[in-house]
Every structure is written in C-alpha cells, then in structure tokens.
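Peer 1: When you get a sec, could you give me coordinates for this:
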Amino acid sequence: MTDSTSADIIYTKVDEAPELASASFLPIIRAFAEAAGVTVGTKDISLAGRIIASFPERLTAEQQQSDDLAELGRLVKTPDANVIKLPNISASVPQLVAAVKELQAQGYNLPDYPETPETDEEKDVRARYDAVKGSAVNPVLREGNSDRRAAVAVKKYAQANPHRMGAWSADSKTYVASMPGNDFFANEVSTRLDAAATVRIELEAEDGSVTILKEGIEYPAGTVVDATFMSAATLDAFLGHSIEKTKEEGILWSIHMKATMMKVSDPIIFGHAVKAYLAPVFDKFGSELDALGVNPNSGLGDLLDRVKDNADIMASIEAAMANNPPLYMVDSDRGITNLHVPSDVIIDASMPALIRAGGKGWGPDGKEHDCVCVIPDNSYAGVYDETISYFKETGALDPSTSGAVQNIGLMAQKAQEYGSHPTTFEIPYKGTIRMVTDAGITLHQHAVEPGDIWRSSSARQAPIEDWVKLAIDRQRAEGCQAIFWLDAQRAHDAELIEYVMPILKAAGVEDKFQILAPREATRVTLEEIRTGANSIAITGNVLRDYLTDLFPILELGTSAKMLSIVKLMQGGGLFETGAGGSAPKHVQQLVEENHLRWDSLGEFCALGESLKFLGETKGNARARLLGEAVDAATQGVLDHDRSPGRKVGQPDNRDSHFWFALYWAEALAAQTEDAQLAAHFKPIAEALAANADKIIAELADAQGGAAELGGYYRTDDALTGAVMRPSSTLNAIIAG
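Peer 2: Model prediction:
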C-alpha cells in the first residue's frame, strides 16, 4: 500500500530509470523536507501498479493495491494538490503483456491479455487492460495546461557546454514522407457546441442497419468537437510506394508514430507498415500467421518470436527484408529494427534524435545513413519536414548561441487526446459513421470503408480560455516572440482561433502574438532562436508533446531537463520532471554494469518549484527556503559538472544525488532568513563535505558488476534500495 494523499507533496512511483533514481533520491528529499515540517508521500502510477489495482478480486489481501491513479485524479481537482510527476511507461501491448507475465511469475494471479476476446469474461479483462495501456496516466492527472521551459541555469549550462550536433549538408537525402491526402488532416471536420449535448457514435451499414459504437458522451456548452478518419486503402498504397521509392534512393526506411499516446490509432497504422514491409510474407502465409496469433500491430519482434520455428516463413521474411530498403535501427547491435516494437520508436523522441544527428539514422550495418522518415498523417508532419529543410539550407543549430523555445500547451481535461480514448475505431464494414446528439442533430459524418481508422477528440471551453490566458501571462513575463501554432485552414484549429482572437483583443495584446500554421511557425521560430532570441510556442496537446522534445533536444541535448509546470485549474500544482521518457536502456545498463546514467536534473527542477509553490500556498516559509535552496543546489550540480556520466566507472545518478544533497545542505546552512533552519543543516553540510571522498569511493565500489533488482516492471524494494543506496556513510548522515 502507498502513502495517503494527505501528505503535503505527492511524489509519484513510476517505472524504469526514474523509479530506480527515486530509490536513491526520495530518502534525501524526505529527510530535508522534514526540517520544514513538510511531508512527502508517494502514489503508485507505475504500469505494474496500475495492472495490480485493476484486478483486486484475483489477488490476496497482501497483494492488493489501491487505485492510486484514481486517487490522484481526484486530488488534482482540488486546490490542495501538489504533485511531482515523474515519467511513467505509456504501455504498448507488448510492454503490457511482458509486465503481466512478470507479475504472474511473481505470484500475482492475473489473467493473460486476451488478443481476441470472445466471452464476456475475456471482454471484461480486455477492457480493464485497455484502460491501463497507452497514455492512461497523463489525461487523468493533467487537470491544467502546460507551461514547459528550460530553467535558466540549465539553459546557461547548455550554452557554456554545448552538446555534439551532427553536421547537415545541403545534399542530404533525408526527408519526411506523408500521405498524399485522405488522412486525418484532410478529412477533419469540427464544430463548436452552442449548448451542452450528449452524443452517440453510430455506424450505418449499406443495408441500413446501425451499430452503436459509443454512446453517452457528454460535452458541455462551448466544447470544440472534431471528427476525422484515415483511409486504410490510401495508407497502404502510400506505404508501398514509399518503400519502393526508398529502395531506389538507397537510404534507410523508417516510420515514426506515437503508439503510446495515440494508443488506438497509431498501433494500427504501425501494423499497416509491418504488413507493407513484409507484404509477400503476409500474402503467402496469411492463414498460417493468423493461426500462430500474429498481430502486425504488435510489431516485427512479436511476429518473429511466433514464427521462429517455421523455416518456410522465416525464409520468406529474410527474402522480403533483403529485397526491401534497409530499416532504421533502434539498436543495430541487437538487431532491433524500427518495426520491432511500436513503443520503441516514439516520434517526439525519434525524430529530434535523427535531426540532431544531422539527418542520420543507424542502419543494420552499424553505420549512419540518410533516412526516409515516414509520418503518414499530415497534421504535424510538416513541422519535422520544415525543420529538416531549414537545416539543409542553413546548417545545424549552434547550441552555444541559440535561444530557447518555451511551450504553453493546451491539455487540460483531456483536450485533444487524439486516439487515447474510446472514441477511436477501426471500421469493420463499409458504411457511414456519424456523431449524433440525443436531440437527433448530426454533428459530423463520414463515408468509410473497412479498415479505415476513424477518431474524434474535443477541447472544452474552460481549458481553452485558461490556455490563452496562460500564454498572455508567459509572453508578458518574457517579452519575446509568441506564436499560436494554429492552421486557419484546418477545421479544428479554425475553431480554436475563434476563441483565441477575442481573448487577445480583450486583453489588448493581439499585437504581441502571431497565429501561424505549424509549418510556417517552425521556420519563423528556428530563425528567431538562431539569433539567440527566445520564442514561445503556444500549441495544442499533441504538438506540445512533439515540440517539448524537438526544441530541447536541439538546444540542450535532451528533453529530460525541462521545467514543466502544470497550473491546475482548481488552484493546485502538478510539477512534471521533463519529457525524457523512462529510459529502458538505462535500466539495461544498470542491470549489466550497476551504472545508472539517468540524469535527475528534471527531478531537481520539479522539486524546487513544488516546494516554493507549497511555501506560497500554505504560508510555509521554510518550504519556500527549501525550494530556493534547491535552485542553488541545482546550479551547483551544473557548475561543478556533477551530472551522471554515460559509462561504467564514471560518476552516475547516485553520485549526482550525493552532490545535490551537499549543495542543498550548504545553501540552507548559509541562508540568513531562518537561523534555526541554518543551524539544523550546518552539521549536515559539514558531515557531507567531510566525508565526500569516502562517500564517492563507496559509490564507485558499487559499480562494475551485475545488479539484481528482483524484477523489471515491479522491482523488489529491498534489492533496489541496496543497489541504489550503496554508501553506508551517506545513508547514515541522511538518516541522522
């Protein structure tokens, strides 16, 4: 069981590298916070924790776990919320299945994930698992809009210590390929509701029969509701043409999706790519593949595992791959391709990494090559296409002189949750799909074919208005370029513009903002930051996700070091620790070499903001002082280059936590506002400084061998604590 929500600050229990780092860092946080009378609780939103909470009736009393995500969902709708949210796994089906298998091996009586549920019980199990997979966490917690930017100290450090950037050349063959039309972008329709409405989604067949796909969808007045679809036939033709064209060009082929956030639509599109790349195999062995339970949506890795004992199918796969262009590799050393696992290649991380590398991707030969980047839908593909075109013209961005791009993102109350909710469908038969109100009014309709992917999303009036006002406040504070990344020619964006303009005019600031389509906004922004100036990108939810990786990776070398503040609409605060994902490769290195290269700078930034927010909202002066001292400690970690190294034998995450604790204690001992607090931390700072060499030696001695965690998705607390807190000297000082 986890701590109650009555704690002053809730620190989330998550997955993979950030959760391992928490085993080292959280004891330090709690020890320091106690001096200010601040309690720090935890809530388990990890993939394993969410799975366990979904099946209480199957587990023993000791195994049962509260639904912490639901509890946090209630908390963030109150003014008392103060949550530090670390990156969690947004599970694809292969990850979900792997987590279930691990938990079963640990003694949890969980059902298997039913790929094709038939009985009512299987359908119930599938529905529970489907509620866990994908970006199940963020829509629940994000009851406010996003203010994400690089902390001043982080930006200054990046400029003084620029990361390596790959060189761009004008003759680079790398480019973005997208559908010629009939995609989500082309088929979108949108409307604003004048009055509250309850809506159903229905599919009428050619014979007039109607299937209700979803009903009881409630929208308040002022909600912007859109609907669109992607043609499966057009998608398949595009993918086939792209593969053939790439073969002629002699470069790598890759697809870039968001199969976690868009957990319904994008795995299906990914599956189309797998089938297109292995078309001869599916044509020849379709029935055999079906019998083996092959689902192309799960990726090439799952397919190979299921057919590995069938020599004929394996030979056909090898022949198809030899005949096709080489694939962009996730891990060329291990043979993991771009098509292996849908969650391995997430567009907001994979595209910036490729762009940072000068448009190069790793091929099967272990060398870098130019690459075709397939992004089927045109909604935001132009952002990456324009970025690549710009750098071909101008050369790579210089991190030592570039300005910064901040982001104000519309995401409150599940705004624009494309594909992450139960209003996305793979069409089973030819017909007409409609959104119809209880009053019988048809909001939207499309003629669709079997296999088409139809989806709807919405954005409510209150979050939209809050988003615009947040943008006004941020532009006023920064005084820099500010752009609403909205396309007047796109149906949904046009409705948002109808909200934006009156608010800007009423505030008398319309001359401070531009409204540009994403492609145009990309070039204007790149031109601005190249001069060293800053820019504010004001975007919808998906583009927020994309840009808060793209620009930080170009500017800072990573997106994990961003300051991410969600001003909850009911007055609370959600402090996210950057956009760096949960870093599974870091876990692999720890298990093999006992070296964790995860950088907790994002946690440092979030902690400081959380404590200062607590000090302000609760009148706790000591909490404010702790938060201000966190800023000083973070600066110290950067100034003295105490961030983790990448290789075993170098200082790692645990070393950075020690140095952070030392600098934090020193800053608190040196402050003059609260003499009693200073006196409390003075001996702690002295003990840490006096024992620094001993502590560093103890941390170094831990590295080099294998580390036992007792699990991957659900580690053993005692084993993990022993691995992540190997310095008895440091532990004793913190405990004392």
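Peer 1: Going by C-alpha atoms from here, please, whenever you check contacts or count neighbours.
Peer 2: Noted.
Peer 1: Show me what secondary structure element comes after the worst-scoring helix or strand of the chain on mean pLDDT.
Peer 2: Here the helix or strand of the chain ranked lowest by mean pLDDT, DSSP states H and E is helix 138-141, holding a mean of 85. With elements assigned by DSSP states H and E, the helix or strand that comes after helix 138-141 is strand 144-150.
Peer 1: so where's this protein shaky on pLDDT?
Peer 2: Within the chain, the stretches with pLDDT under 70 are 1-5, 418-421, 578-581.
Peer 1: the residue most distant from the middle of it, which is it?
Peer 2: Relative to the centre of the chain, the most outlying C-alpha is that of residue 207, 43.0 Å out, by C-alpha atoms, centre = their mean.
Peer 1: sorry, back to before: from the contact counts, what lies against the least confident helix or strand of the chain?
Peer 2: Applying 3 or more C-alpha pairs under 8 Å, 6 or more residues apart in numbering; DSSP states H and E, we find helix 138-141 packed against helix 68-75.
Peer 1: for the helix it packs on, which positions count as buried?
Peer 2: Neighbour-count burial for helix 68-75 flags 68-69, 72-73, 75 (criterion: 16 or more other C-alpha atoms under 10 Å).
Peer 1: Using CSV, write down the CA coordinates of that helix.
Peer 2: Provided in CSV are the C-alpha atoms of helix 68-75 (Å, rounded to 0.1, in the frame of the first residue of the first chain):
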residue,chain,number,x,y,z
ASP,A,68,-3.6,5.3,-6.8
LEU,A,69,-4.1,6.9,-10.2
ALA,A,70,-7.9,7.3,-9.5
GLU,A,71,-7.0,8.9,-6.1
LEU,A,72,-4.6,11.3,-7.7
GLY,A,73,-7.2,12.1,-10.4
ARG,A,74,-9.5,13.3,-7.6
LEU,A,75,-6.7,15.1,-5.8
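Peer 1: so how far is the following helix or strand past it off the chain centroid?
Peer 2: Next helix or strand after helix 68-75 toward the C-terminus (DSSP H and E): strand 82-85. Relative to the centre of its chain, strand 82-85 is centred 16 Å away, using C-alpha atoms, centre = their mean, to the nearest Å.
Peer 1: helices and strands around whichever helix or strand comes after strand 82-85, which ones?
Peer 2: Following strand 82-85 in sequence order, the next helix or strand is helix 93-105 (DSSP H and E). If contacts are counted by 3+ C-alpha pairs under 8 Å, 6+ apart, helix 93-105 sits against helix 47-53.
Peer 1: Residues touching the helix it packs on, excluding its own?
Peer 2: 14-15, 44, 63-69, 88-91, 96, 99-100, 103, 129, 132, 713-714 (C-alpha atoms under 8 Å, 6 or more residues apart in numbering).
Peer 1: Would you mind giving me the ChimeraX syntax to select the buried ones in these?
Peer 2: To isolate the buried ones among the contacts of helix 47-53 in ChimeraX, judged by 16+ other C-alpha under 10 Å, type:
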select :14,15,44,64,65,66,67,68,69,88,89,90,91,96,99,100,103,129,132,713,714
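Peer 1: can I get the buried residues of helix 68-75 in TSV with distance to residue 676?
Peer 2: Putting these into TSV (distance: C-alpha to C-alpha, whole Å) gives the following:
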residue	distance to residue 676
68	37
69	38
72	34
73	37
75	33
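Peer 1: quick one: which of those is nearest to residue 525?
Peer 2: residue 73 (35.2 Å; C-alpha to C-alpha).
Peer 1: now residue 558: how far from residue 162?
Peer 2: 11 Å (C-alpha to C-alpha, to the nearest Å).
Peer 1: more neighbours, the two?
Peer 2: residue 558 (21 against 17; other C-alpha atoms under 10 Å).
Peer 1: And for the more buried one, nearest residue in space, chain neighbours not counted?
Peer 2: residue 552 (5.9 Å; C-alpha to C-alpha, 6 or more residues apart in numbering).
Peer 1: Would you confirm that the one you found contacts residue 546?
Peer 2: No - under the criterion of C-alpha atoms under 8 Å, residue 552 makes no contact with residue 546, lying 10.4 Å away.
Peer 1: And what about the closest residue to residue 252 other than its chain neighbours, helix, strand or coil?
Peer 2: Leaving aside its sequence neighbours, residue 252 sits nearest to residue 371 (C-alpha to C-alpha, 6+ apart; 4.5 Å). With DSSP: H, G, I helix; E, B strand; the rest coil as the basis, the three-state label of residue 371 is strand.
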